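**Q** Can you look at this prediction? I've put the sequence above it.
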Amino acid sequence: MIGLSDERPPDGGMPLLETVMRDGRRTGEKSMLDECRERFAADLAELPPAARPIRAPVAPRAVASGRLTALADRVRRRIEEKALAPRRGAAEP
């Protein structure tokens with residue numbers, strides 16, 4: 001699920017993004033190569049089997065949260081209203 005930055009993941013979910021840089025500086029400790037390998041293996045194991053092959057993987061489908069969908073709808077309506085506003089005031093030939 002894709003959501004807003006302040007939304008918590010659904011039950012059983014976990015955030016996939018984490019802050020690793022802030023103001024041009026690393027926010028955590030450097031990872032050792034073995035730790036990186038272990039994290040990659042764990043992340044790979046979390047993917048659905050169809051998404052794991054190197055050739056012809058099937059990407060999982062992302063679903064937007066309700067709040068993200070509502071925000072996107074509001075922004076889309078505002079853009080459409082602004083795009084139509086000049087046309088409404090134009091004189092007809």
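**A** Perfect, thanks for sending it. These numbers come from a predicted model, not from an experiment. Numbers count the residues shown, from 1 in each chain.
**Q** Please make it C-alpha for all contacts and neighbour counts, starting now.
**A** Fine.
**Q** quick one, helices of the chain?
**A** Taking DSSP state H to define them, one finds helices in the chain at 33-46, 66-89.
**Q** Can you lay out the ones you listed as a markdown table showing mean pLDDT?
**A** Formatted as a markdown table, the helices of the chain follow (pLDDT from 0 to 100):
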| stretch | mean pLDDT |
| --- | --- |
| helix 33-46 | 94 |
| helix 66-89 | 88 |
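**Q** Please identify which of those helices is closest to residue 8.
**A** Closest to residue 8 of those, according to Cα to Cα: helix 66-89, at 11.4 Å.
**Q** ok, back up a step: right, and the helices of the chain - which one's nearest residue 10?
**A** Distance to residue 10, taken as Cα to Cα, is lowest for helix 66-89 among the helices of the chain, at 11.5 Å.
**Q** Could you list every helix and strand that the closest one packs against?
**A** Helices and strands touching helix 66-89, as assessed by 3 or more Cα pairs under 8 Å, 6 or more residues apart in numbering; DSSP states H and E, are absent.
**Q** Buried ones in that helix, by neighbour count?
**A** Buried residues in helix 66-89, counting neighbours by 16 or more other Cα atoms under 10 Å, are found at residue 68.
**Q** same thing with stretch 7-27?
**A** Neighbour count says stretch 7-27 has residue 9 buried, by 16+ other Cα under 10 Å.
**Q** follow-up on the earlier one: can I get the helices of the chain in CSV including distance to residue 12?
**A** Output for the helices of the chain, formatted as CSV (distance: least, Cα to Cα, whole Å):
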stretch, distance to residue 12
helix 33-46, 12
helix 66-89, 17
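**Q** between the ones you listed, which gets nearest to residue 59?
**A** The nearest among those, by Cα to Cα, is helix 33-46 at 12.6 Å.
**Q** can I get the CA coordinates of that closest one in CSV?
**A** Taking C-alpha atoms only, helix 33-46 is exported to CSV below (Å, rounded to 0.1, in the frame of the first residue of the first chain):
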residue,chain,number,x,y,z
LEU,A,33,28.7,-6.0,3.7
ASP,A,34,27.4,-9.1,5.6
GLU,A,35,24.5,-7.0,7.1
CYS,A,36,23.7,-5.7,3.6
ARG,A,37,23.6,-9.3,2.2
GLU,A,38,21.3,-10.4,5.0
ARG,A,39,19.0,-7.5,4.6
PHE,A,40,18.8,-8.1,0.8
ALA,A,41,18.0,-11.8,1.4
ALA,A,42,15.3,-10.9,3.9
ASP,A,43,13.8,-8.3,1.6
LEU,A,44,13.8,-10.7,-1.4
ALA,A,45,12.1,-13.4,0.7
GLU,A,46,9.2,-10.9,1.4
